[in-house]
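K.L.:
Got a predicted structure plus its sequence, pasted below:
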Amino acid sequence: MSSKGRILVAMSGGIDSTVTAMILQDQGYEIIGITMKTWDYATSGGDRKETGCCSLDSINDARQVAVEKGFHHFIVDIREEFGDYVINNFVDEYLHGRTPNPCVLCNTHIKWEALLKRADALGCDYIATGHYARIGQQDGRYFIQRAVDHNKDQSYVLWGLSQECLKRSMFPLGEMTKPEVRQLAADYGYLELSKKAESYEICFVPDNDYRGFLNRRVPDLAEKVNGGAFINKNGEILGHHKGFPFYTVGQRKGLGMAFGEPMFVSEIIPETNTVVLGKEDELIRNSMLVSGLNLLKYDKLPERMESLTKIRYRDSGTMSELTQLDNLKVEVSFLANVRGIAPGQSAVFYEGDDVIGGGIIQGSSRN
């Protein structure tokens, strides 16, 4: 074994995980590659060719790198675990009028658990992935930090990781920019890989049509929910929709009706199959409740703490005041108005580049 130790590298067959493995091998670690098969798109009933991290081409690309660079590579089938937890949750959240974030759940409950389990079985000291993030340490606690390349930063989807996961994780790309990673891929002899297109879709919805996916998973869904009412904040009926699960808070396009002025989804009421529409200013909220709290940088928040709070992946964040209600809940009071807070999405709290913690948005209000 290398004096640096043995490390298990999650390899998707893409540029980021490949460069991650190359960097760590150059640093003297003994590399073992692992590719996790999480999803088989054909089973969803879609008609698009399978692409992305779970496709046969991607798995073969990862294996080929391992063969060329002389390290072991394993393929692990976790489709059953993934489907039972991530996909069932994805469907259930939409059926309850919320907007899920499956990547957070997958990282927190599936991928890292699977990686640590295999790392222990293979005698690996650490695990590594190609995420653009960093890991900090303070007062014996580990926490996520934003990547140097803020355009590629993935800290938002990693807030759910445990202290044990972070203690054994490495993110070599966190200190690099994407152009630097592409150049390294070319330098390592993977010029074509350096030009490989990236996917930003949910892995099990590669056509980006979550409504079609829901219909395939719940065959009689459209029939059951079709014809519910669009209403305004006063309860007046504006028209009828195709079913509340097919809309998300903040949505403007795809409502299927013309209203003479831009209208947005401001609330979803699943109990009555009702979708509330309003003008853009009716999306404004200045507080929200977050549950499922996972604190990283601190074991408990101060009585009142300011943070930059992000309510979605591409959100630039808004300054807020956090009040911890109990071990799992925090009240967030924004210092400026925020639009389009969607229950079910992640709220992630930052102190500079450090992730304080995060949780799941339960609801919001306007004072």
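P.N.:
In hand now; what should we look at? Residues are numbered from 1 along each chain as shown.
K.L.:
buried residues in the worst-scoring helix or strand of the chain on mean pLDDT?
P.N.:
Least confident helix or strand of the chain, by mean pLDDT, DSSP states H and E, is helix 191-194 with a mean of 75. Using 16 or more other CB atoms under 10 Å as the test for burial, helix 191-194 gives 193, 194. Using the backbone N, CA and C atoms, a C-beta is placed for each residue, glycine as well.
K.L.:
before we move on, what about stretch 139-158?
P.N.:
So for stretch 139-158, counting by 16+ other CB under 10 Å, buried means 142-149, 152-158.
K.L.:
what does that stretch rub up against?
P.N.:
Residues from elsewhere that reach stretch 139-158, judged by CB atoms under 8 Å, 6 or more residues apart in numbering: 101, 103-104, 107, 131-137, 159, 161, 163, 166-167, 171, 173-178, 296-299, 310, 313, 346, 348, 350, 353-356, 358.
K.L.:
how about the nearest residue to residue 153 once chain neighbours are set aside, phi and psi?
P.N.:
Nearest residue to residue 153 in three dimensions, chain neighbours excluded: residue 147, at 4.3 Å (CB to CB, 6 or more residues apart in numbering). The phi/psi pair for residue 147 (degrees, to the nearest 10) reads phi -70, psi 160.
K.L.:
The chain - how does it break down into domains?
P.N.:
6-130+171-194, 222-278, 284-365 (automatic domain parsing).
K.L.:
In terms of mean pLDDT, which of those domains ranks lowest?
P.N.:
For the domains of the chain, mean pLDDT drops lowest on domain 6-130+171-194, to a mean of 89.
K.L.:
Quote the end-to-end distance of it.
P.N.:
26 Å (CA to CA, to the nearest Å).
K.L.:
What is the distance between it and the centre of its chain?
P.N.:
Here domain 6-130+171-194 is found 14 Å from its chain centre; the criterion is CA atoms, centre = their mean, to the nearest Å.
K.L.:
which residues sit in contact with the closest residue to residue 202 other than its chain neighbours?
P.N.:
Closest residue to residue 202 apart from its sequence neighbours, by CB to CB, 6+ apart: residue 102 at 5.8 Å. Going by CB under 8 Å, 6+ apart, residue 102 touches 86, 87, 89, 90, 202, 204.
K.L.:
Among those, which one sits closest to residue 195?
P.N.:
residue 202 (23.6 Å; CB to CB).
K.L.:
give the contact list for the closest one.
P.N.:
90, 102, 103, 208, 210.
K.L.:
looking at this, residue 152 is in a strand?
P.N.:
No - going by DSSP: H, G, I helix; E, B strand; the rest coil, the assignment for residue 152 is coil, not a strand.
K.L.:
Okay, it and residue 182: tell me how far apart.
P.N.:
11 Å (CB to CB, to the nearest Å).
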